[in-house]
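A.B. asks: how would this look folded up:
(3 chains)
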Amino acid sequence: MSSPRLVNASLKKTSTSRSDLVYSGSLVLAAGLALASICAIVAFVLIEALPFFRAASWPEFFFSPAWFPGESRFGAAALLVGTLLVVLGAIFVAVPIGISAALALVFYLPQALASRTQAVVEVIAGVPAVVVGLFGLTVVVPLLAGVVPPGLGLPAASVTLGMLLAPQLIVNAAETFRAELPELLRVARSLGISRETVILHLVLPQRLRILIGSSTILTGRAIGETLAVMMVAGNVIQFPESIGSSVRTLNATIALEMPYAEGIHRSALAALAALTFAVVLALRAVVPGQARR
Amino acid sequence: MLDSCRSFYALRRARSPMLRRIGFFASALLFLGAHAAAEPKAAVLITGSSTVAPLMVEVAKAFEKAHQGARVDVQTGGSARGVSDCRAGLNQIGMISRDPKPDETDFRAVRIARDGLAFIASPDAGVSGLTHDQILSVYRGTVTNWRELGGKDLRIAVVSKAEGRAALELFMAKFGIKSSEIKAQAIVGDEEQAIKTVTATRGSIAYLSVSTVAQAVGRGAKIVPLSYNGNSPTIAAVRSGVYPLTRFLHLIDCGKGTAASKAFLDFVVAEAGQRFIEENQYIPL
Amino acid sequence: MRYLSLFSLGLFLLFAVSMLIPALRELPRALDAGYLLGVPEAMGRAGGIGPMLFSTLLINGLALVMTVGLGLPLALFLWERGDRVARHSLQRAVILAIDLLAGTPSIVFGLFGSIFFCRILGLGYSILAGAATLAVMTLPLFARLALDAMQASPAAYRPLARSLGLGRRTTALRILIPSVWQGLVAAVVLSWARATSEAAALLFTAGYATRWPESLLDSGRALPVHIFDLAMNVSGGDAMAQRAALVLLVLTTVFVVVCRKFMQGVAQWQIT
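C.D. replies: Here you go, the predicted structure:
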């Protein structure tokens, strides 16, 4: 195989055949279209939020936990903290279970069973958020009530949201682990490396890096999910005092109040959506490798 | 790897590009074609409160059956949406689950059903009724244990409603309490969420509409309707006026309606419409 | 390692199955032609889900076509430019945009769709508007998953194809995609699953109407919206909500099975 540098040099030579131009052109068009629609949504949120941005007191918005639209008090600090805690909690629940379940699917189950089980997990990924929320409310909350009364609150929200994230994570991780696997295992066997070593020292680190790179799928879903969390988190706007405290997320506020909000209240809710974008960006900056891939 | 490349190249000739191109152009065509073939919209569009919406769907069906050729579409979006759509001329009729505000004089509000504010508690609380002041102290957070109200030794889990909800507004108005004074352990949005939350949470108390409570009790939900100052929150009590915490559900008309929408409004308040309201376990006028 | 991971899988499945028990209990009543084809009565507490099922198929099917039609070229675009670090500014902008969109609350999509597709584009409460909104919502997920699948292919494919004299388009379409079929199909399945999980986005775009939709511009209540309404808005609608949820799950199962059969067919073809 020629050295990477030489090969890259040949790659730089852009192909001039017409079909290639059409192809590249249509890709750029698609990317542009997607970018445009995304910009449209971001612009929509920012435009709706503009009246609030102009009129509001920024220190109050960012640092005060007092959100009482009826009295014109718009403090989003508790909401921000609530969102972050719920998201982190859900990831904490979903990731260990999800990754190890994916490992089981790919490495420790016989082929036929693994395929069927993955199909089941894919179906579970399609369960409506309402049903997951109902499960959280009718099963998880009473279970947790003994440990963290009254049951509604951060732990319930984390577990419920974790349940929602898990299937997607399992399937994604399984597919990532499975790529190129037969060949890898064959090569390993021929070199005399044990299966365990292959998995733990070769496959896992590299694939985990890929997964972290695309972990915005997970964090995005966690941040964006509204209904399931809203049903079990308690939704009281406050800084959590203990681990079992009732919390409210940014999304829950938008969902709960938007149908009945008028005027500056509506604009304030749009500002919360803009704050959600900020959370996405912040998480992106913090998690290594997310921004790069 | 070279071999697989060659075989891929040979065999994939007809497959991949076709599917992708079809997908791309199909969506493009659909967009253009469907827009060009735009059909006339519904004769009557009703938007607004999601509490009133399910009821209106049934009444609309009955109206369509009674008036051949009529078409009534119901959409949700909340009371605020009902008002803003009405003002912007985006609907013919709006639904609101509250009384019109004093400054809302630019539309005509038609009462279509009654409703009341009922308090419920979970069975393990051990009470069956509360006084006005007791309720106030619970929601203010000055009373925190059911024991203090004659019930079991159990922490009170206070459930309130989210900002802007009609029930919250009614509660605040009748009890003279501000939103920032309410000390709750949980906040809910829809009526059903309140019922489910009370069922799932020990020692909880909540307020919601009388008709929802009546329906829930009717199907055996594990909640206890609390009497308010000795008055039970039953449908009969609201109808007769005995129960003091009441409100009306309204349809609003911004004057931009059509003949069909006016006919619909008349239908709803007339005998025929009110029958449906009663059948669906809401409270007729 | 083995026991830990098998235990995790088992734990997850246990939770998942207990989550589905209320729905599974409705199995005998759900598999009834009257229910599957009839119209809802008494605010959905009786009657059937025919129009909803139809609307769901239309909306989700359309949305899937749009998502794949836009997302696949998008993923290819991102794959083309960066084998390693994304230095190309347009590519970075697109990735940033995708990430932002992935984290947007579902209700914001509903409101955006309502204003953009329904009002500005003049589609009104319609299946088309719902499908478009859903497509935009699942686009980041699909594009990311597809990109993942593509990046899992050996890095050697590109220089190798070059050395064979194959152009960009041929490399992508004839070599890359066939080798990552499995990952792409998984991406499609997960996008479908995401779409069926959503109610808020469709409530304000495809709407609330319970009649049989007569065109793509008609309002049609999708199954997830119906389930949400029955569970959270209509008193006593729980059993019916679970029944409808079961039907939705069966629908998803059929979709997953079809995808799997398709994959097997492709694999067979690859071997020959």
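A.B. asks: what segments of the chain are strands?
C.D. replies: Going with chain A. A:67-68, A:73-74 (DSSP state E).
A.B. asks: can you look at chain C instead?
C.D. replies: Here chain C has its strands, by DSSP E, at C:40-41, C:46-47.
A.B. asks: adding mean pLDDT, write those out as CSV.
C.D. replies: Shown next, in CSV, are the strands of chain C (pLDDT from 0 to 100):
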stretch, mean pLDDT
strand C:40-41, 85
strand C:46-47, 85
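A.B. asks: of those strands, which stretch is the most buried?
C.D. replies: Of all those, strand C:40-41 has the most neighbours on average by mean count of other Cβ atoms under 10 Å in any protein chain shown, namely a mean of 20. (C-beta placed from N, C-alpha, C; glycine too.)
A.B. asks: tell me which residues are up against that strand.
C.D. replies: Identification of contacts with strand C:40-41 by Cβ atoms under 8 Å, 6 or more residues apart in numbering or on different chains yields C:46, C:47, C:48, C:49, C:51, C:52, C:210, C:226.
A.B. asks: now the helices: where do they sit in chain C?
C.D. replies: Per DSSP state H, chain C carries helices over the ranges C:2-24, C:27-30, C:33-37, C:50-81, C:89-102, C:106-113, C:127-151, C:157-163, C:168-170, C:177-179, C:181-197, C:200-203, C:223-232, C:238-271.
A.B. asks: over to the stretch 1-150 of chain B?
C.D. replies: In the stretch 1-150 of chain B, the segments counted as helices under DSSP state H, counting those that start in this stretch are B:2-11, B:16-36, B:53-66, B:79-88, B:132-140.
A.B. asks: which one of these has the lowest average pLDDT?
C.D. replies: Note on these: lowest mean pLDDT is at helix B:2-11, with a mean of 40.
A.B. asks: rewinding a little: hey, which of the strands of chain A is tucked in deepest?
C.D. replies: Neighbour counts (mean count of other Cβ under 10 Å) averaged over each of the strands of chain A peak at strand A:67-68, with a mean of 20.
A.B. asks: does that strand come close to chain B?
C.D. replies: Yes - Strand A:67-68 lies within reach of chain B by Cβ under 8 Å from any Cβ of the partner chain, at residue A:68.
A.B. asks: and that strand, how far from the chain's centre?
C.D. replies: Distance, stretch centre to chain centre, for strand A:67-68: 27 Å (Cα atoms, centre = their mean, to the nearest Å).
A.B. asks: just the closest residue of chain A to chain C, please.
C.D. replies: residue A:220 (2.7 Å; Cβ to the nearest Cβ).
A.B. asks: my guess is that residue meets residue C:103, correct?
C.D. replies: Yes - with contact defined as Cβ atoms under 8 Å, residue A:220 and residue C:103 form a contacting pair (4.2 Å).
A.B. asks: joint contacts of these two?
C.D. replies: Taking Cβ under 8 Å, 6+ apart as the contact rule, residue A:220 and residue C:103 both touch residue A:280.
A.B. asks: quick one, what contacts residue C:15?
C.D. replies: Residue C:15 makes contacts with residue A:163, as judged by Cβ under 8 Å, 6+ apart.
A.B. asks: sorry, that was for residue B:204
C.D. replies: Residues counted as contacts of residue B:204 (Cβ under 8 Å, 6+ apart) are A:150, B:121, B:122, B:125, B:156, B:157, B:158, B:159, B:185, B:186, B:197, B:198.
A.B. asks: can you rerun that using 6 Å?
C.D. replies: Counting by Cβ atoms under 6 Å, 6 or more residues apart in numbering or on different chains, residue B:204 touches B:122, B:157, B:159, B:198.
A.B. asks: could you do residue C:9 as well?
C.D. replies: Taking Cβ under 6 Å, 6+ apart as the criterion, residue C:9 is in contact with A:101, A:104.
A.B. asks: for it, give its distance to residue B:215.
C.D. replies: Look at residue C:9 and residue B:215: by Cβ to Cβ, to the nearest Å, they are 41 Å apart.
A.B. asks: same deal with residue A:256?
C.D. replies: Look at residue A:256 and residue B:215: by Cβ to Cβ, they are 22 Å apart.
A.B. asks: any idea how far residue A:50 is from residue C:186?
C.D. replies: Distance check for residue C:186 against residue A:50: by Cβ to Cβ, it reads 41 Å.
A.B. asks: now do the SS call for residue B:164.
C.D. replies: Classification of residue B:164 using DSSP: H, G, I helix; E, B strand; the rest coil returns coil.
A.B. asks: and it, how many residues sit next to it?
C.D. replies: Neighbour count of residue B:164, defined by other Cβ atoms under 10 Å in any protein chain shown: 22.
A.B. asks: got a list of what the residue most central in space within chain B touches?
C.D. replies: Central residue of chain B (Cα atoms, centre = their mean): residue B:51, 2.0 Å from the mean position. Neighbour list for residue B:51: residue B:97 [criterion: Cβ under 6 Å, 6+ apart].
A.B. asks: let's go with 8 Å and repeat that
C.D. replies: For residue B:51, the contact set (Cβ under 8 Å, 6+ apart) comprises B:97, B:166, B:190, B:191, B:209, B:249, C:233.
A.B. asks: which among these are in contact with chain A?
C.D. replies: When the contacts of residue B:51 are checked against chain A using Cβ under 8 Å from any Cβ, the ones in range are residue B:166.
A.B. asks: taking the contacts of residue B:51 together, which two end up most distant?
C.D. replies: Of all pairs drawn from the contacts of residue B:51, the widest gap by Cβ to Cβ lies between B:190 and B:249 and measures 15.2 Å.
A.B. asks: more crowded one of those two?
C.D. replies: Counted by other Cβ under 10 Å, residue B:190 and residue B:249 do not tie: residue B:249 has more neighbours, with 28 against 25.
A.B. asks: the more buried one contacts residue B:116, correct?
C.D. replies: No - using Cβ under 8 Å as the test, residue B:249 is too far from residue B:116 to be in contact (11.1 Å).
A.B. asks: below-threshold pLDDT in chain A: ranges please.
C.D. replies: A:1-17, A:194-201, A:288-293 (pLDDT under 70).
A.B. asks: quick one: name the residues of the stretch 51-200 of chain C near chain B.
C.D. replies: So far as Cβ under 8 Å from any Cβ goes, the stretch 51-200 of chain C lies against chain B at C:62, C:65-66, C:68-70, C:72-73, C:114, C:119, C:121-125, C:128, C:132, C:135, C:154, C:156-157, C:160-161, C:164, C:166, C:170, C:173-175, C:177-179.
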